[in-house]
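Chemist: With the sequence up front, the predicted model follows.
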Amino acid sequence: QVQLVESGGGLVQAGDSLTLTCTSNGRVFEDYTMGWFRQAPGQEREFVAAISWRGVSVYYAESVKGRFAISRNNVNKTMYLQMNSLKPADTAVYYCARKRNDFRDHAQASAYDYWGQGTQVTVSS
């Protein structure tokens, strides 16, 4: 059973930075594209960013492009989301997830089979 654990969330002010971490206990973490999603109260879970298994390809939602950076360390089985210039609209629970290799669309939540429990990010104005 793959377990993903997020950490690094918190309460920050607009314009601040925060780094989220996702740690996996999976033996084959390095074989999968990994992604970050977020869900605000009353809203659907939305794609934030994804990174290919070797970290060569990265993908971002338009709303975070230029402000967020996704990275991974396959030796440590860890993925990161560096979030800069945070806005109140970034407030949400952030989830990391592992994408199934037989699904192409990295932006669809249904393409991911294992999820962490989430970490809350709150950005005050």
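Modeler: Looks like it came in fine.
Chemist: hey, let's count contacts and neighbours off CA atoms from now on
Modeler: Fine.
Chemist: In space, what's closest to Gly26 - neighbours in sequence excluded?
Modeler: The shortest distance from Gly26 to any non-neighbouring residue, by C-alpha to C-alpha, 6 or more residues apart in numbering, is to Val2 (5.0 Å).
Chemist: doesn't that neighbour fall inside a helix?
Modeler: No. Counting by DSSP: H, G, I helix; E, B strand; the rest coil, Val2 falls outside a helix, being coil.
Chemist: wait, what's in contact with it?
Modeler: Each residue near Val2 by C-alpha atoms under 8 Å, 6 or more residues apart in numbering is listed here: 24-26, 114.
Chemist: can you rerun that using 7 Å?
Modeler: Shown here is Val2, whose contacts under the criterion C-alpha atoms under 7 Å, 6 or more residues apart in numbering are 25-26, 114.
Chemist: Also Ile70?
Modeler: Applying C-alpha under 7 Å, 6+ apart to Ile70 gives the contacts 49, 51, 80-82.
Chemist: and it, which of the three is it?
Modeler: The three-state label given to Ile70 by three-state DSSP is strand.
Chemist: hey, what's it bridged with?
Modeler: Leu81 (DSSP bridges).
Chemist: And for Tyr114?
Modeler: Beta-bridge partners of Tyr114, counted by DSSP bridges, are Arg98.
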